[in-house]
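> Following is a predicted model, sequence given first.
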Amino acid sequence: MYYGEKHQIKDLKMKIKSGLIGAVIGTTLMVSCGSEPQEKVADTKEVEEVVQEVEETEYFVLPSTVQIGDLFRNSGLTYVNGYTLDPAKSSTYNTTFDKYFAFGAYWTDMTYCALNGQSQEARKYLKVIKEVSTDLGAGEVFNDEDLLNRFDRNLDNSDSILSILIEIDERTDAYVDDNDQDEFALVAFVGGWVEGMYLGVSTTTYETHSELTGKIIEQMVILDQLVIGMTKYEGSSKRVDQVLVSLKDLQKFFNEIPAIADMEGRISEVKIPSADMQVLGNKILELRALIVQ
């Protein structure tokens, strides 16, 4: 069962949720329903069609904790201590946009910890996510004590925690949809996406093309749409403007890599020279520093 089957949300949301996020991340989404994991692989045409739909609707969704976390599990990565954003730093984010970015980053970190068996760390991140969401007026998403208790009880059960993460993710999406919080959705998505990319490039080498570098390349497909979306909020805050400049710089560099410019077929099969991957990784690290500074 894919996460879209668990709860019925609006058709447009589900189409974008299962298409854009699932296709762009390009990972094998595994959700246990008493059977062997199911594989969902997106081709270039599917990605292009969904990206076009998003451009027309100007609709964005929060980061999918399931797929961003799955990026690490399916790439054979284990938890590496010291890379995630310090929960104590949440008190330093004072503006609304700072909190949006932080929410997304912490959301990804929570999933990364939960899916890698780091129970205590996952609890810390859920707590800080609840605090930040309350500051943003979205605390109702995390006021379900039964849901939070199930999260706490099942942190050592990978199949159960995956299902619960999906439920939390969908409830957050429903809140965004019901309250017309597109600004929150987009900026938090950027924060979560950048954090996921940062964790990826921080835990790999670029000497040879690997499964992880392939997934990093796949993730870059969404960058054009993130730039379009963030441009709507240019001038809203210093951090937003800095992040937008950095996103555009990353976009320009990636699109001008010869292997990308001359790409034919599926992007997952593109192999970027290690020197270019190193530059790409450094730009992602710089972008993440702006997000969480």
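Right, received. Where do you want to start? This is a predicted model, so every value here is computed, not measured.

> In terms of helices and strands, where is Leu85?
Assigned by DSSP states H and E, Leu85 belongs to no helix or strand.

> do you know how far it is from Met263?
For Leu85, the distance to Met263 equals 33 Å [CB to CB, to the nearest Å]. C-beta here means a position set from N, CA and C on the backbone, and glycine is covered the same way.

> and what of Asp173?
Asp173 is 31 Å from Met263, by CB to CB.

> quick revisit: who has more neighbours, Leu85 and Met263?
Leu85 (20 against 14; other CB atoms under 10 Å).

> low pLDDT regions in the chain?
The chain contains residues with pLDDT under 70 at 1-63, 65-66, 68-73, 76-77, 265, 268.

> Name the residue most distant from the centre of the protein?
The C-alpha centroid of the chain is most remote from Asp262, which lies 27.0 Å away (CA atoms, centre = their mean).

> phi, psi of Tyr83?
Dihedral angles of Tyr83 (phi, psi; degrees, to the nearest 10) stand at phi -90, psi -30.

> any idea how far Glu121 is from it?
Tyr83 is 11 Å from Glu121, by CB to CB.

> count of residues packed around the residue nearest to Tyr100 when sequence neighbours are not counted?
For Tyr100, ignoring the flanking residues on the chain, the nearest one in space by CB to CB, 6 or more residues apart in numbering is Val187 at 3.7 Å. Using other CB under 10 Å, Val187 is surrounded by 29 other residues.

> Now do the helices in the stretch 151-293 of the chain.
158-178, 182-202, 211-219, 223-231, 238-256, 258-261, 274-292 (DSSP state H, counting those that start in this stretch).

> okay, the ones you listed, which one's buried deepest?
helix 182-202 (a mean of 25; mean count of other CB atoms under 10 Å).

> Output it as PDB, nothing but the C-alphas.
Once non-C-alpha atoms are left out, helix 182-202 reads as follows in PDB (Å, rounded to 0.1, in the frame of the first residue of the first chain):
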ATOM      1  CA  ASP A 182       0.600  27.700   0.600                       C
ATOM      2  CA  GLU A 183       3.400  30.000   1.900                       C
ATOM      3  CA  PHE A 184       4.000  27.700   4.900                       C
ATOM      4  CA  ALA A 185       3.900  24.600   2.600                       C
ATOM      5  CA  LEU A 186       6.400  25.900   0.100                       C
ATOM      6  CA  VAL A 187       9.000  27.400   2.400                       C
ATOM      7  CA  ALA A 188       8.800  24.400   4.800                       C
ATOM      8  CA  PHE A 189       9.200  22.200   1.800                       C
ATOM      9  CA  VAL A 190      12.400  24.000   0.800                       C
ATOM     10  CA  GLY A 191      13.700  23.700   4.300                       C
ATOM     11  CA  GLY A 192      13.000  19.900   4.300                       C
ATOM     12  CA  TRP A 193      14.300  19.300   0.800                       C
ATOM     13  CA  VAL A 194      17.500  21.200   1.500                       C
ATOM     14  CA  GLU A 195      18.000  19.300   4.800                       C
ATOM     15  CA  GLY A 196      17.600  16.000   3.000                       C
ATOM     16  CA  MET A 197      20.000  16.900   0.200                       C
ATOM     17  CA  TYR A 198      22.500  18.100   2.900                       C
ATOM     18  CA  LEU A 199      22.300  14.800   4.700                       C
ATOM     19  CA  GLY A 200      22.900  13.000   1.400                       C
ATOM     20  CA  VAL A 201      25.900  15.000   0.300                       C
ATOM     21  CA  SER A 202      27.400  15.000   3.800                       C
END
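
> by how many degrees do that helix and helix 238-256 diverge?
60 degrees (axes from the mean of the first three to the mean of the last three CA atoms, to 10 degrees).
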